[in-house]
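I'll drop the sequence and a predicted model, then ask my questions.
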Amino acid sequence: MSRLPLGLLQGFVLVARTGKLSRAAEQLNLTVSALSHQIRNLEERLGRPLFDRGPRGVTLTAEGANLLEAIGHHYEGIEHALGRYESRHQDAVTVSVLPSVASSWLVPRLPRLVGKHPELELSLHSSVSVVDFDREPTVDVAFRYGLGSWPRTKAERLFDEYIVPIASPSLVRRMGGLPGASLSGWPLLGDPSGRWNDWAEAFGMPLPSRYVARFDNTEHLQRAVLEGMGVALGRLVMARSLIECGALTVLCEERLRVTEAYYLVYPKRSEGHSGVSRFREWLLAEAKEYEEGLGDGTRLGAWRYLP
């Protein structure tokens, strides 16, 4: 077999790291079809499949995993060696963010970022996976939800998260009005994190013998609430815009702060990036304004919209 072009191996390593042709193609400045052709070319030259293709992306076969183990660290060494010779575009910032946080909190505020820093070139990478900055050198910062501890990174707390019982106005009307914190007799929807146990302990609510339905996906759960199926414990960051426009109703004035919070996370290499510094300054100011809007004494009854 003739020597393999390094470009084929580079494409293979990036696809293996990200698990998505689209993400790897973006990093290589290629079209998805061009990168897919490269991968098939590599597989044909090696005479074996390296990836299993599926609707949610690609996964390594056993042969692919063996190849990545053999060459991955060599490719990373080349990347690190060449990295110091590359000039970084100080106005370009790439942000990894959870899709739910992007749509409910970050994206609605981006026009203000553009107004303050029109020179910035922002790229959003939506992913539920925690970014590995060592394996994804094009990502500068991440907007993450968790306990604030990610290896080899600096994490700055942005704001806390609270949960509140939410329902559709149509369900409230069917039930005859707003309940107390006990929610006695109301149809409850089970959530992916089992937060009803925390709510019951905090406010003395007896747990139901059964839930109307259980969901392992937060977006599906929120959709069920919007359709009037039952009551869920909603995270304010995700639900607040729907509460303020009247699509959802907060059922009581109590709220419960959870242990997780939202953080700006970045590696040491991003600390000297002026674009990251401008984005960080803007984001911290937006987070402070958001949290002050909640306020320790805020009574969420003011957010109820009952036609």
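That came through fine. Numbers count the residues shown, from 1 in each chain.

who does the helix or strand hosting residue 220 touch, helix- and strand-wise?
Taking DSSP states H and E as the definition, one finds residue 220 inside helix 218-226. Other elements packing on helix 218-226 under the criterion 3 or more C-beta pairs under 8 Å, 6 or more residues apart in numbering; DSSP states H and E are strand 189-190, strand 232-235, helix 236-244. Backbone N, C-alpha and C define where each C-beta goes, glycine included.

so where's this structure uncertain?
Per-residue confidence for the chain (pLDDT under 70) gives these ranges: 1-4, 78-88, 180-182, 295-307.

got the residue ranges for the strands in it?
Using DSSP state E, the strands of the chain run over 51-54, 57-60, 92-97, 121-126, 141-146, 154-167, 189-190, 213-214, 232-235, 249-250, 256-266.

Return the list of helices and strands in contact with the fourth one.
If you count contacts as 3+ C-beta pairs under 8 Å, 6+ apart, strand 121-126 packs onto strand 92-97.

rewinding a little: quick one: buried residues of the helix holding residue 220?
For helix 218-226, a neighbour-count test (16 or more other C-beta atoms under 10 Å) marks 218, 221-222, 224-226 as buried.

quick one: it to helix 236-244, angle?
Counting by axes from the mean of the first three to the mean of the last three C-alpha atoms, to 10 degrees, helix 218-226 lies at 30 degrees to helix 236-244.

the inter-axis angle of helix 218-226 versus strand 154-167?
For helix 218-226 against strand 154-167, the angle by the same axes, to 10 degrees is 30 degrees.

Just the CA trace of helix 218-226, in PDB.
Extracted in PDB, the C-alpha atoms of helix 218-226 (Å, rounded to 0.1, in the frame of the first residue of the first chain):
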ATOM      1  CA  THR A 218     -36.400  18.100  29.000                       C
ATOM      2  CA  GLU A 219     -37.700  19.500  25.700                       C
ATOM      3  CA  HIS A 220     -40.300  16.700  25.500                       C
ATOM      4  CA  LEU A 221     -41.300  17.400  29.100                       C
ATOM      5  CA  GLN A 222     -41.800  21.100  28.400                       C
ATOM      6  CA  ARG A 223     -43.800  20.400  25.300                       C
ATOM      7  CA  ALA A 224     -46.100  18.100  27.300                       C
ATOM      8  CA  VAL A 225     -46.600  21.000  29.800                       C
ATOM      9  CA  LEU A 226     -47.500  23.400  27.000                       C
END
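
so how far is that helix off the chain centroid?
In terms of C-alpha atoms, centre = their mean, to the nearest Å, the centre of helix 218-226 is found 17 Å from the chain centre.

okay, now the closest residue to residue 24 other than its chain neighbours: neighbour count?
Counting by C-beta to C-beta, 6 or more residues apart in numbering, residue 14 is the residue found nearest to residue 24 once chain neighbours are left out, at 3.9 Å. Using other C-beta atoms under 10 Å, residue 14 has 23 neighbouring residues.

Please apply the same query to residue 194.
Neighbours of residue 194 under the rule other C-beta under 10 Å: 10.

Pull up the gap between the residue most central in space within the chain and residue 261, please.
By C-alpha atoms, centre = their mean, the chain has its centre lying nearest to residue 98, at 1.0 Å. The gap separating residue 98 from residue 261 is 13 Å, by C-beta to C-beta, to the nearest Å.

same deal with residue 237?
Separation of residue 237 from residue 261 (C-beta to C-beta): 10 Å.

what sits in contact with each of these two?
159, 161 (C-beta atoms under 8 Å, 6 or more residues apart in numbering).

about what we covered before: my guess is the residue nearest to the centre of the chain meets residue 130, correct?
No. Contact criterion C-beta atoms under 8 Å: residue 98 and residue 130 do not qualify, at 9.8 Å.

Give the residues shared as contacts by those two.
Between them, residue 98 and residue 130 share the contacting residues residue 144, judged by C-beta under 8 Å, 6+ apart.

Understood, closing this out.
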